[in-house]
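> Structure for this input, please:
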Amino acid sequence: QVQLVESGGGLVQAGGSLRLSCAPSGHTFRNFVMGWFRQAPGKDREFVAAIRRSDLMTYYGDAVKGRFTISSDNAKNTVSLQMISLEPEDTAVYYCAVRSLYFGDYTASSQYDYWGQGTQVTVTS
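Residues are numbered from 1 along each chain as shown. Got it, this is the predicted structure:
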């Protein structure tokens, strides 16, 4: 059974940093695309970042470019999201996701096959 387990969420003041991790189990997803999405109350799910684990190519949503960094440790089979200069607008539940389609729109949540349970990130002003 495939599971994605996120960790690292929490409460932080504006300007602070957090690091989220996603650990897949039941599958290595070594050549897949893994992404992070977030959803704030009353808002649609938003693309944050994605990484192609085969060549480590990365993609970012406009709202987080320059502040967030996605990375993959293929030896440990984990994907991380380093977040700096956090803003109250970053408050959301953050989800890790995996897609088997190598090509296509990495920002589209509908194209991801597996999802984690989410981890809460709260940024106070």
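> got a list of what the residue sitting nearest the centre point of the chain touches?
The centroid of the chain falls nearest to W36 when counting by CA atoms, centre = their mean (2.1 Å). With contact set as CB atoms under 8 Å, 6 or more residues apart in numbering, W36 has these partners: 20, 22, 48-50, 70, 79, 81, 94-97. Using the backbone N, CA and C atoms, a C-beta is placed for each residue, glycine as well.
> tell me the mean pLDDT for stretch 95-112?
The average pLDDT within stretch 95-112 is 92.
> same check, this time on stretch 21-34
86.
> Contacts for it next, please.
For stretch 21-34, using CB under 8 Å, 6+ apart, the contacting residues are 1-8, 36, 50-54, 72, 74, 77-81, 96-102, 106, 114, 116.
> Show the end-to-end separation of it, please.
Taking CA to CA, to the nearest Å, stretch 21-34 runs 12 Å from one end to the other.
> Distance from it to the middle of the chain?
12 Å (CA atoms, centre = their mean, to the nearest Å).
> and that stretch, which residues are buried?
Neighbour-count burial for stretch 21-34, counted by 16 or more other CB atoms under 10 Å, picks out 21-24, 29, 32-34.
> From S125, how far off is H27?
40 Å (CB to CB, to the nearest Å).
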